[in-house]
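Asks: Structure for this input, please:
(2 chains)
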Amino acid sequence: MSVYDLRPGQTALVSGILGDEKLAKRLRALGANEGVKVKVKSFAPLGDPIIINFMGFDLAIRKRDAKNIVVKDVI
Amino acid sequence: MTTAALIGNPNVGKTTLFNLLTGLNQHVGNWPGVTVEKKEGFINDNVKIVDLPGIYAMDTYSNEEKISKSFLESGHVDFILNIVDASNLKRNLYLTMQLKEFNIPIILILNMVDVAEKKGIKIDYVELSKLLSVMVVPIVASKGKGVDEIKELLVNDIFSKAINDNENHYRDDTRFKSEAETYKYIEGILSQCVTYTSENTVTITERLDKILINKFLAYPIFIAIIYLIFQFTFSWVGQPLADLLDSFVNVWFVPHVNILLSGANGWFKSLIVDGIIGGVGSVIVFLPVILALFLCISFLEDSGYMARVAFLMDKIIRKMGLSGKAFIPLIIGFGCNVPGVMSTRTLESEKDRKMTALLLPLMSCNARLPIYLVMAGALFKGHEALVVASLYALGVIMAFFVGILFKNTIFKKDDEPFIIELPEYKLPELKSLAVHTWEKGKGFLKKAGTIIFSVSIIVWILSNFNFSGMTEIDKSFIAYIGRFISPIFIPLGFASWQNSVSLLTGIMAKEVVVGTMGVIYGGNLTKILPTVFTPISAISFLVFVLLYTPCISLIATMKKEYGGKMAAFSVAYQLVLAWVVSFIVYNGGNLILRIF
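Replies: Now for the predicted structure:
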């Protein structure tokens, strides 16, 4: 499953990033590496993009891209 | 000359520090070949600071990163001033690790140490310095704390003396195979010098976000903020100051010049007063409006709200192939296209910047309003509001379609991934706002001003001379030009030389269309216009006014920001668009009239 499948308030552990290398590289550089906790904070009023939080800061990403952040161990 | 490169993640106070270190001793321009702001400042004659774009990493292929990288590799950098957010060291040090690979001495500036302390983060600076083998300076840029120390380090070259002993440490003992490995290394370091005494509680930012990006409140609040900015710019501060400046020019300055030139030739006086002062003056009075608008934008930007706007607008504006961040420049365009194009600088991808700049002129700026009002008042009495509102809406609709067209033709490249950090809210610093605002104003005056100056002279000559010398306006070059170009407008229904010339001089500034008509038709426009326009040709004319090239200041700004080719393309496509849409409106309208 991916970040896309999480509901607001749910946290999970990153297990990998798929898709576009540009995006993957950037997310990894920001700290979205394996084992890092990622939390979905909220959805935009129109449903997209969404706000996720990891390593202590908020990031807005599009849902399409959120599908590429694979997670496990939903908390 | 010592050159220090200032580099760090976005939202860590880089600009604030840069402004504090260099004061007004700055140059702003573009990096060669790209529209990324290049800022250089000087502490004194011997120390230059180059403000590199805010980035998170060195190797994720964005323009900003490529620029930073090639600048650090150029061999012109003596020091790296790496500014980091003390309360988020883990992520910030990622860039630091990559900076170390350049083998350039680094001064690690820990900003916002007060915020970190409040969050219960205790940092052992000495230990951190040792572990990273770089010099560490804790500061609070927003309060100016620690800034003098950095200045001293750079001015007195203390730093270069201090590093001589441990130069060896800058060899690459830190090359990592993957991002995860880098982070592991950073965590190892931080575990030895940072302690956390309390867990994070709900921050002010979280509380504010509950309201500002709330499902139901977000858009009403956003609209209210935009409304306030427009009020501030066009009713409360900017426009009144502009009017004041305008009356200063016309009531005080011009009469004095007239007296001063009383002995001079008539033509010389006219050149100075009507040509140069008239032309340049009409631009300079723009300045307060631009400054006021940019003050507001800088405030939104520095406060952290702008990132939320991008977040809120992304889904809507994505349909045009733009990211949410492009929304603000477009909104600004309704006030004035010139600061709109200038503010496209803040966008991340080159594609977004260019496309936004190209669509911006379709946003109906304030200068077009007087034309709408005169025409609507003369031909559509009682329906003015409807006519004006339709024109504004038409501009937006056109931008939408042209956006989709561009997206599928010249900007076919894939969407950039959309990632924006939502920084914590903070109250912007006055000094930073002032410097920011003034920068924009200075650039505007310099570039647009020189072009306006020359064009003013040219237009004056054209409207006062013909081959036999000085003459009346309807025998002048400009009348000839008007008659020459008027056939273009025959299919659009308003092909008199007077109308043609009005549109031509309107390129100086759209308000000039009304002024020119006033001069050429020489009388009460409300009475004269219905005799030269039918309702449909009037609408056709208004549509043309809405869609064709806004003004010379915009062309100048476009050229400055994106080069001559783009400026030319912008002018060309808008002329074609204006012609085609006006043609459809005029002929379609007539057709419908004939049927019913």
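Asks: if you skip the residues just before and after it, what's nearest to residue B:219?
Replies: residue A:45 (6.6 Å; Cβ to Cβ, 6 or more residues apart in numbering or on different chains). Glycine gets a C-beta too; all of them are placed from N, C-alpha and C.
Asks: Tell me the secondary structure at that neighbour.
Replies: Following DSSP: H, G, I helix; E, B strand; the rest coil, the label given to residue A:45 is coil.
Asks: That one and residue B:443: what is the separation?
Replies: Per Cβ to Cβ, to the nearest Å, residue A:45 is found 36 Å from residue B:443.
Asks: same deal with residue B:562?
Replies: From residue B:562 across to residue B:443, the span is 14 Å (Cβ to Cβ).
Asks: which SSE is the residue nearest the centre of chain B in?
Replies: Most central in chain B under Cα atoms, centre = their mean is residue B:343, positioned 1.6 Å from the mean C-alpha point. Using DSSP states H and E, residue B:343 sits within helix B:337-343.
Asks: Give me the packing partners of that helix, helices and strands only.
Replies: helix B:287-303, helix B:327-335, helix B:430-464, helix B:552-562 (3 or more Cβ pairs under 8 Å, 6 or more residues apart in numbering or on different chains; DSSP states H and E).
Asks: Sketch out the strands for chain B, chain order is fine.
Replies: B:2-8, B:26-30, B:37-44, B:47-51, B:79-85, B:106-111, B:121-123, B:135-138, B:194-196, B:419-422, B:465-466, B:469-470 (DSSP state E).
Asks: Show me what from the stretch 201-350 of chain B comes close to chain A.
Replies: Contacts of the stretch 201-350 of chain B with chain A, taken as Cβ under 8 Å from any Cβ of the partner chain, map to B:209, B:213-216, B:218-219, B:307, B:310-312, B:314-316, B:324.
Asks: Kindly recompute the last result at 7 Å.
Replies: Within the stretch 201-350 of chain B, the positions near chain A by Cβ under 7 Å from any Cβ of the partner chain are B:215, B:218-219, B:311-312, B:314-315.
Asks: Pull the contacting residues for the residue nearest to residue B:219.
Replies: Residue A:45 makes contacts with B:215, B:218-219, B:312, as judged by Cβ atoms under 7 Å, 6 or more residues apart in numbering or on different chains.
Asks: How about the contacts made by the nearest residue to residue B:362 once chain neighbours are set aside?
Replies: In space, and not counting its chain neighbours, residue B:362 is closest to residue B:399: 4.2 Å by Cβ to Cβ, 6+ apart. Residues near residue B:399 by Cβ under 7 Å, 6+ apart: B:359, B:362-363.
Asks: Residue 51 bridge partners, please.
Replies: If you meant another chain, say so; for now it's chain A. Applying DSSP bridges to residue A:51 gives these bridge partners: residue A:42, residue A:60.
Asks: oops, chain B please
Replies: Beta-bridge pairing of residue B:51 under DSSP bridges involves residue B:6, residue B:39.
Asks: do residue B:30 as well
Replies: As for beta bridges, residue B:30 partners with residue B:37 under DSSP bridges.
Asks: Report how many residues lie close to residue B:107.
Replies: When neighbours are defined as other Cβ atoms under 10 Å in any protein chain shown, residue B:107 has 21 of them.
Asks: Distance check, it against residue B:117.
Replies: For residue B:107 relative to residue B:117 (Cβ to Cβ), the value is 21 Å.
Asks: same thing with residue B:205?
Replies: From residue B:205 across to residue B:117, the span is 17 Å (Cβ to Cβ).
Asks: measure the nearest residue to residue B:131 once chain neighbours are set aside to residue B:182 for me?
Replies: Distances taken as Cβ to Cβ, 6+ apart put residue B:189 closest to residue B:131, at 4.8 Å, once the chain neighbours are dropped. Distance, residue B:189 to residue B:182, using Cβ to Cβ: 11 Å.
Asks: Comparing the two, which residue is more hemmed in?
Replies: Shown here are residue B:189 and residue B:182; by other Cβ under 10 Å, residue B:182 has more neighbours (23 against 18).
Asks: and the stretch 401-550 of chain B, which residues reach chain A?
Replies: Counting by Cβ under 7 Å from any Cβ, the stretch 401-550 of chain B comes close to chain A at B:417-422.
Asks: Which of these sits closest to residue B:499?
Replies: Among these, residue B:418 lies closest to residue B:499 (Cβ to Cβ), at 45.1 Å.
Asks: does the closest one really touch residue B:325, like I thought?
Replies: No - in this structure, residue B:418 is not within contact of residue B:325 by Cβ atoms under 7 Å, at 8.5 Å.
Asks: between those two, who's got more neighbours?
Replies: More neighbours surround residue B:325 than the other of residue B:418 and residue B:325, with 25 against 22 (other Cβ under 10 Å).
Asks: Next, the contact list for the more buried one, please.
Replies: For residue B:325, the contact set (Cβ under 7 Å, 6+ apart) comprises B:310, B:347-348, B:352.
Asks: ok, and what's touching stretch B:567-576?
Replies: By Cβ under 7 Å, 6+ apart, the residues outside stretch B:567-576 that reach it are B:358, B:361, B:547-549, B:555, B:558-559.
Asks: Of residue B:562 and residue B:443, give the one with the bigger neighbour count.
Replies: More crowded of residue B:562 and residue B:443, by other Cβ under 10 Å: residue B:562, with 22 against 17.
Asks: roughly how far apart are the more buried one and residue B:358?
Replies: When distance is defined by Cβ to Cβ, residue B:562 is 9 Å away from residue B:358.
Asks: Over to residue B:80?
Replies: Going from residue B:80 to residue B:358 by Cβ to Cβ gives 37 Å.
Asks: before we move on, back to that, pLDDT (mean, whole number) over the helix holding residue B:343?
Replies: For helix B:337-343, mean pLDDT is 88.
Asks: where in chain A is pLDDT low?
Replies: Residues of chain A that meet the criterion pLDDT under 70 are absent altogether.
Asks: Contact residues of it facing chain B?
Replies: Residues of chain A lying near chain B (Cβ under 7 Å from any Cβ): A:20, A:22-23, A:25-26, A:28-31, A:33-34, A:44-46, A:48-49, A:51, A:55-62, A:65.
Asks: Pull out the buried residues from the residues you listed.
Replies: A:20, A:23, A:25-26, A:28-31, A:33, A:44-45, A:48-49, A:51, A:55, A:57-62, A:65 (16 or more other Cβ atoms under 10 Å in any protein chain shown).
Asks: Among these, which lie within helices?
Replies: Of these, the ones assigned to helices by DSSP state H are A:23, A:25-26, A:28-29, A:65.
Asks: Let me know the closest of those to residue B:91.
Replies: Closest approach to residue B:91 among these (Cβ to Cβ): residue A:29, at 9.0 Å.
Asks: Could you report the pLDDT at the residue lying closest to that closest one once chain neighbours are set aside?
Replies: Excluding the flanking residues, the one nearest residue A:29 by Cβ to Cβ, 6+ apart is residue B:57, at 3.6 Å. Predicted confidence (pLDDT) for residue B:57: 93.
Asks: what does the one 5 residues further on give?
Replies: Here, the pLDDT recorded for residue B:62 equals 79.
Asks: And residue B:137, by the same measure?
Replies: 95.
Asks: Tell me, how many residues neighbour it?
Replies: Neighbours of residue B:137 under the rule other Cβ under 10 Å: 20.
Asks: so who does residue 41 touch?
Replies: No chain in the question, so chain A it is. The contact partners of residue A:41, taken as Cβ under 7 Å, 6+ apart, are A:8, A:51-53, A:58.
Asks: Chain B was what I was after
Replies: Counting by Cβ under 7 Å, 6+ apart, residue B:41 touches B:18, B:21-22, B:25-26, B:49.
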